[in-house]
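K.L.:
Okay, here's the prediction I keep looking at, along with the sequence it came from:
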Amino acid sequence: MGKALIVVLLLAGCTSTAAPDNLRQIWCDHNQPRRDATQATPRGELDRINTLNRLGTTWCGWKP
């Protein structure tokens, strides 16, 4: 009885989530262009900013 109860509780905790139809639209809804780079911004951060802005331009239609 105890093992069966544990199995039932474990299965009850499992949920299945359906994949969203348009992952790019979800990304666009949750991100915005970054315009916070300065001369003091490290190269690695500039690369991350540029990557985010490039994706936004391609996927979301952001204007430079």
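P.N.:
Okay, I see it. Numbering: from 1, shown residues only.

K.L.:
Listing request: residues of this protein with sub-threshold pLDDT.
P.N.:
1-18 (pLDDT under 70).

K.L.:
Now do the helices in it.
P.N.:
2-13, 23-30, 43-55 (DSSP state H).

K.L.:
Just want the most central residue of this protein.
P.N.:
By CA atoms, centre = their mean, the chain has its centre lying nearest to residue 27, at 5.7 Å.

K.L.:
quick one: the nearest residue to it once chain neighbours are set aside and residue 37, what's the gap?
P.N.:
Leaving aside its chain neighbours, residue 27 sits nearest to residue 59 (6.5 Å; criterion: CB to CB, 6 or more residues apart in numbering). (Glycine included, C-beta is placed from N, CA and C.) For residue 59, the distance to residue 37 equals 20 Å [CB to CB, to the nearest Å].

K.L.:
who has more neighbours, the two?
P.N.:
residue 59 (15 against 12; other CB atoms under 10 Å).

K.L.:
contacting residues for the more buried one?
P.N.:
By CB atoms under 8 Å, 6 or more residues apart in numbering, the contact list for residue 59 reads 24, 27, 28.
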